[in-house]
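Enquirer: sharing a sequence plus its predicted fold:
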Number of protein chains: 2
Amino acid sequence: MIILGIDPAIRTTGYGVIKADSPASFEILDCGMIQNSARLPHSECVRRLSGGIRELIATFKPDFASLEDPFVGRNAGTAIILGMARGAILAALAENGIPAFSYSPKTAKRSAVGTGSATKEQVAMLVAAELKIGIERIPLDATDALALAICHAQRALRPELAEMMGKPL
Amino acid sequence: MIILGIDPAIRTTGYGVIKADSPASFEILDCGMIQNSARLPHSECVRRLSGGIRELIATFKPDFASLEDPFVGRNAGTAIILGMARGAILAALAENGIPAFSYSPKTAKRSAVGTGSATKEQVAMLVAAELKIGIERIPLDATDALALAICHAQRALRPELAEMMGKPL
């Protein structure tokens, strides 16, 4: 089972692709960021986001996507921009028939590393240890996305966790 | 010059396509709505929105798109959902290299029918008269989109209005 974790934002979208064949066997296939310079207009940002997600889909053929719940702050203007990033990404997933689920950052971290309040550095360290790779291979902006992928993999692979499955998008 | 006006929302997105060869010669090529039933999940809504916009692009090959400024209310949760619709639509436009501009509903109505506070019915009546078609051909949810298209066409065709061009997205 291949899972694509995505932490969407208009400027820096983290992603992590894992292969999970059993709850005890996870492997990182790729992780990184889709970066949009602050000078790029929104139209170009969403084009790069949907194009980047499509490339990941073509390369890794994920069975599921696992996204972070949107941060609903007080600022509706910021929320519209975050929504634009999510909409472009979600359309690319849906066009390719990839079911997407949404988890809170806390739930994702707790699943991946045992505590919901871990820092990016702690998540990177523990994920690197669990997946038996060097920590230098995990960019910090991709840690949330990897935690999201691991979180969904556990629920998809362990029947006893099925009812904790995230919100389908 | 072909202009695609779009009034984006997750459940009912109005669109209007006009051909504008001179400030005195506008013609409606198409108008209508992309409707998403309340039962559809967001992933399916954004897929239908980006697919619908792509179909309009393939059919009419617009030179510009003209979108409504997002309504920034107080509710950040609603804003994220409106943003998702915009992001999916904007990505489809940008992938096809179509420059998109944004106007307030008031500006669009004032340009199209002379007053910023016209109702949908009044806009429909005046647009139908201006474009010399029967009012029954204009669904009310498409009137804002037609006003947006007319608004941008005026600015694109009249050099003296060029500095009133909308916000590039």
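Expert: Looks like it came in fine.
Enquirer: CA only for contacts and neighbour counts going forward, please
Expert: Noted.
Enquirer: now do the SS call for A:E55.
Expert: On the three-state scheme (DSSP: H, G, I helix; E, B strand; the rest coil), A:E55 is labelled helix.
Enquirer: identify the residues contacting it.
Expert: Contact analysis of A:E55 by CA atoms under 8 Å, 6 or more residues apart in numbering or on different chains lists nothing.
Enquirer: please redo it, this time with the cut-off set to 10 Å
Expert: A:L49, A:K61, A:A92 (CA atoms under 10 Å, 6 or more residues apart in numbering or on different chains).
Enquirer: against which helices or strands is the helix or strand hosting the last one packed?
Expert: Looking back up the chat, that one is A:A92. Secondary structure assignment for A:A92, by DSSP states H and E: helix A:76-95. With contacts taken as 3 or more CA pairs under 10 Å, 6 or more residues apart in numbering or on different chains; DSSP states H and E, helix A:76-95 sits against strand A:2-7, strand A:12-22, helix A:42-60, strand A:64-68, strand A:100-103, helix B:42-60, helix B:76-95.
Enquirer: tell me the buried residues in the second one?
Expert: Neighbour-count burial for strand A:12-22 flags A:T12, A:T13, A:G14, A:Y15, A:G16, A:V17, A:I18, A:K19, A:A20 (criterion: 16 or more other CA atoms under 10 Å in any protein chain shown).
Enquirer: A:S66 reaches A:I89, doesn't it?
Expert: No: using CA atoms under 10 Å, A:S66 makes no contact with A:I89, being 11.6 Å away.
Enquirer: which residues are common contacts for these two?
Expert: Here A:S66 and A:I89 share the contacting residues A:I6, scored by CA under 10 Å, 6+ apart.
Enquirer: returning to that earlier point: which of the buried residues of strand A:12-22 sits closest to chain B?
Expert: A:T13 (14.4 Å; CA to the nearest CA).
Enquirer: surely the closest one is in contact with A:Q35?
Expert: Yes: using CA under 10 Å, A:T13 is in contact with A:Q35, at 6.6 Å.
Enquirer: for those two, list the residues in contact with both.
Expert: A:L49, A:G52.
Enquirer: who's sitting farthest from the centroid in chain A?
Expert: Ranked by distance from the centre of chain A (CA atoms, centre = their mean), the top residue is A:R39, with 24.6 Å.
Enquirer: list of residues touching the lowest-mean-pLDDT helix or strand in chain A?
Expert: Ranking every helix and strand in chain A by mean pLDDT, DSSP states H and E puts helix A:120-130 at the bottom, with a mean of 87. When contacts are defined by CA under 10 Å, 6+ apart, helix A:120-130 is touched by residues A:24-28, A:109-110, A:112-119, A:131-144, A:146-147, A:150.
Enquirer: with just CA atoms, put it into CSV.
Expert: Taking C-alpha atoms only, helix A:120-130 is exported to CSV below (Å, rounded to 0.1, in the frame of the first residue of the first chain):
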residue,chain,number,x,y,z
LYS,A,120,9.3,19.0,13.7
GLU,A,121,12.8,18.0,14.8
GLN,A,122,11.5,15.3,17.2
VAL,A,123,9.2,13.9,14.5
ALA,A,124,12.1,13.9,12.0
MET,A,125,14.3,12.0,14.4
LEU,A,126,11.7,9.4,15.4
VAL,A,127,10.5,8.9,11.8
ALA,A,128,14.0,8.5,10.6
ALA,A,129,14.7,5.9,13.3
GLU,A,130,11.4,4.1,12.6
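Enquirer: right, and the helix or strand after that helix?
Expert: Taking DSSP H and E, what comes next after helix A:120-130 is helix A:143-157.
Enquirer: helices or strands up against that next one?
Expert: strand A:2-7, strand A:12-22, strand A:25-35, strand A:64-68, strand A:100-103, helix A:105-113, helix A:120-130.
Enquirer: which of these sits most buried?
Expert: Mean neighbour count (mean count of other CA atoms under 10 Å in any protein chain shown) peaks for strand A:2-7 among the helices and strands packed on helix A:143-157, with a mean of 28.
Enquirer: what about that one and chain B, any contact?
Expert: No: for a cut-off given as CA under 10 Å from any CA of the partner chain, strand A:2-7 has no contacts with chain B; the smallest distance is 14.6 Å.
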